[in-house]
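1. Sequence and predicted structure, then a few things I'm wondering about:
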Amino acid sequence: MTTVNNAPEVAIIGAGVTGMATAWHLSQRGVRVVVIDRVGVGSGMTAIQPGGVRTQWADNDTFELAKESQSFYENFVERTGAQKDPELVHCGYAFVASKPETLEALRATVKEQNAQGVESRMLTPDELAEMVPGLAVDHILGGSFNGSDGYLNSPGAPVAGFAAGAMREGAEVLLEAVKSLERVADGWVLHFGSGETMNVKKVVVAAGAESAKLLAPLGVELPLVAEPRHLFYSDPISERLIEPLVIFQDEHFAVKHLADGSVLASDLVPLPEGAVADESAIRRDLVAKGNRLIETLAYVRFPVMVTGYYDVTPDQQLLLGPVGDLPGLVLACGLNGRGMMLAPAVGRVVADVVVSGNIEAVPTSMRPDRFADGVIRKREQMVI
Ligand SMILES: Cc1cc2nc3c(=O)[nH]c(=O)nc-3n(C[C@H](O)[C@H](O)[C@H](O)COP(=O)(O)OP(=O)(O)OC[C@H]3O[C@@H](n4cnc5c(N)ncnc54)[C@H](O)[C@@H]3O)c2cc1C
């Protein structure tokens, strides 16, 4: 049996930003935690994401968690004692619509957000063109903008800060691959790839899309799949080309000029399940879209391509909280491409559930049992 310094009450599987934020919140409440990862802290999708943070979401529950998290990031160093500030910069996010139904959905979202006190607004094509130099306006119908949305200039800082803060309170990180989970009378036994085992009272599964594979042997079928997404980085360019962050929702294309001078372009078209990513085809698509949508992008080369995966649910909403009739097992997965911007609030919600055992802490749209009758009630529309 593997032992760590203090016998842990809670094991968190996955040391990404979700697992580490949860570890931080639990440690703050005096809960003894061990975080287990087969690679290390912040090594999964947390290492790939570029740090986008926004409150422009269609669903109120997402919006609330995003708002809470943004305010946490604004005071990250004070809250966690971290050495490095993630540097939340409010560059603004412009969503651009080229289809009438997309424009109407953005309008409805803006109305909803305004009712919640968020100052997003609709923009005409001309207003967008004034904001985004080189934007080709011929095929766009308008868009929405929120100047308080933004970017973490140091997107690796949150996971490191949460990890350091949790460890100062006694949390430990263990490098092991969890092979399986076994339910026993007073909790859970984790079986590791090394052949070792560990007994804990409760388990949080924060293993991204791989959470589904871990739980399948327990008879739990999580509606969770890994969907590839691609990021492209240019060499640094000193002239500022693009402000703010622009998302072409109908084209699944986003572009941002980062603080280090490189331009980040994202081709966010989800591939059909099982399809194999063909780099040349993806590059061709990216270049064609970039040239068509923003003139200035025709002069930018993107030598670096990075592929990552969203952990996606059928309604593109999170999976948080207890699962089935398995006491002490709590999910923290299904982040659907927004784990970094929601991590502070997700960690708080998951810690609430672990400590209280009460599902009420979880917004209804994110509870795992919502799929029990096979009906998808509401889909989050603003995932890109
Ligand atoms: C291209 C791309 C762009 C993105 N952009 C943004 C963005 O701008 N803003 C934003 O908020 N989000 C963004 N995201 C999403 C964000 O990266 C994720 O939602 C977030 O990192 C999820 O963190 P996590 O801790 O849940 O998962 P991960 O960071 O993937 O961590 C899961 C961990 O579990 C470990 N693990 C899995 N199985 C096991 C096992 N059996 N045993 C032990 N360890 C295991 C893995 O090693 C991994 O370290 C983006 C994602 C991608 C792919």
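-> Sure, I can see it.

2. Please make it C-alpha for all contacts and neighbour counts, starting now.
-> Noted.

3. Check the secondary structure at the closest residue to residue 216 other than its chain neighbours for me.
-> Leaving out its chain neighbours, the residue that sits closest to residue 216 by C-alpha to C-alpha, 6 or more residues apart in numbering is residue 222, at 7.6 Å. At residue 222 the chain is in coil, as set by DSSP: H, G, I helix; E, B strand; the rest coil.

4. Quick one: neighbours of residue 351, just the number.
-> Neighbour count for residue 351, taken as other C-alpha atoms under 10 Å: 26.

5. just residue 321 next, same as before
-> By other C-alpha under 10 Å, 31 other residues sit near residue 321.

6. what does the model give it for pLDDT?
-> For residue 321, the model assigns a pLDDT of 97.

7. Repeat that for residue 60.
-> Confidence for residue 60, expressed as pLDDT, is 88.

8. Please tell me how far it sits from the ligand.
-> Using C-alpha to the nearest ligand atom, to the nearest Å, we find residue 60 at a distance of 17 Å from the ligand.

9. now swap in residue 342 and tell me
-> 6 Å.

10. Next: residue 27.
-> Residue 27 is 17 Å from the ligand, by C-alpha to the nearest ligand atom.

11. cool, residue 237 as well?
-> Going from residue 237 to the ligand by C-alpha to the nearest ligand atom gives 21 Å.

12. Spatially central residue in this structure, please.
-> The centroid of the chain falls nearest to residue 339 when counting by C-alpha atoms, centre = their mean (1.9 Å).

13. tell me which element the closest residue to that one other than its chain neighbours falls in.
-> Counting by C-alpha to C-alpha, 6+ apart, residue 18 is the residue found nearest to residue 339 once chain neighbours are left out, at 6.7 Å. In this assignment (DSSP states H and E), residue 18 forms part of helix 17-28.

14. what about that helix, distance to the chain center?
-> Relative to its parent chain, helix 17-28 has a centroid offset of 15 Å by C-alpha atoms, centre = their mean, to the nearest Å.

15. what's it in contact with?
-> Identification of contacts with helix 17-28 by C-alpha atoms under 8 Å, 6 or more residues apart in numbering yields 12-13, 32-35, 41-42, 46, 158-159, 162-163, 165-166, 169-171, 204, 206-207, 332-333, 339-340, 343-344, 346-348, 350-351, 355.

16. Just the residues you listed: which are in helices?
-> Under the assignment DSSP state H, these contribute 158-159, 162-163, 165-166, 339-340, 343-344, 346-348, 350-351, 355 to helices.

17. Which of those residues has the largest number of neighbours?
-> Neighbour counts for the ones in helices among the contacts of helix 17-28 (other C-alpha under 10 Å) peak at residue 158, which has 31 neighbours.

18. Distance of the nearest residue to it once chain neighbours are set aside relative to residue 53?
-> Once flanking residues are discounted, residue 158 sits nearest to residue 86: 6.2 Å by C-alpha to C-alpha, 6+ apart. As judged by C-alpha to C-alpha, to the nearest Å, residue 86 and residue 53 stand 11 Å apart.

19. just residue 87 next, same as before
-> Remark: distance between residue 87 and residue 53 (C-alpha to C-alpha) = 11 Å.

20. Over to residue 105?
-> For residue 105, the distance to residue 53 - C-alpha to C-alpha - is 20 Å.

21. Next: residue 321.
-> For residue 321 relative to residue 53 (C-alpha to C-alpha), the value is 23 Å.

22. Can you name the residues of the stretch 151-300 of the chain sitting close to the ligand?
-> Residues of the stretch 151-300 of the chain lying close to the ligand by C-alpha under 6 Å from any ligand atom are 176, 177, 178, 179, 206, 207, 208, 210, 229, 230, 231.

23. what about the helices in this structure?
-> 17-28, 60-74, 76-80, 100-115, 125-131, 157-168, 211-215, 279-293, 339-356.

24. Measure how far the longest one is from the centre of its chain, please.
-> Relative to its parent chain, helix 339-356 has a centroid offset of 13 Å by C-alpha atoms, centre = their mean.

25. what's the angle from that helix to helix 60-74?
-> 100 degrees (axes from the mean of the first three to the mean of the last three C-alpha atoms, to 10 degrees).

26. tell me what helix 339-356 is packed against?
-> helix 17-28, strand 52-53, helix 60-74, strand 319-322, strand 329-333 (3 or more C-alpha pairs under 8 Å, 6 or more residues apart in numbering; DSSP states H and E).

27. what do you get if the cut-off is 7 Å, keeping everything else the same?
-> helix 17-28, helix 60-74, strand 319-322 (3 or more C-alpha pairs under 7 Å, 6 or more residues apart in numbering; DSSP states H and E).

28. Kindly reformat these as CSV containing distance to residue 251.
-> Below are the helices and strands packed on helix 339-356 laid out as CSV (distance: least, C-alpha to C-alpha, whole Å):
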stretch, distance to residue 251
helix 17-28, 29
helix 60-74, 23
strand 319-322, 27
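
29. Name the stretch from the ones you listed that approaches residue 189 most closely.
-> Nearest to residue 189 among the helices and strands packed on helix 339-356 is strand 319-322 (17.3 Å), distances taken as C-alpha to C-alpha.

30. Pass me the low-pLDDT residue ranges in the stretch 151-300 of the chain, would you?
-> 270-275 (pLDDT under 70).

31. Would you map the strands across it?
-> Listed in chain order, the strands of the stretch 151-300 of the chain (DSSP state E, counting those that start in this stretch) span 172-175, 178-184, 187-192, 197-200, 202-205, 225-233, 245-248, 253-257, 263-267.

32. Between those strands, which one is closest to residue 295.
-> Here strand 253-257 is closest among the strands of the stretch 151-300 of the chain (C-alpha to C-alpha), at 12.6 Å.
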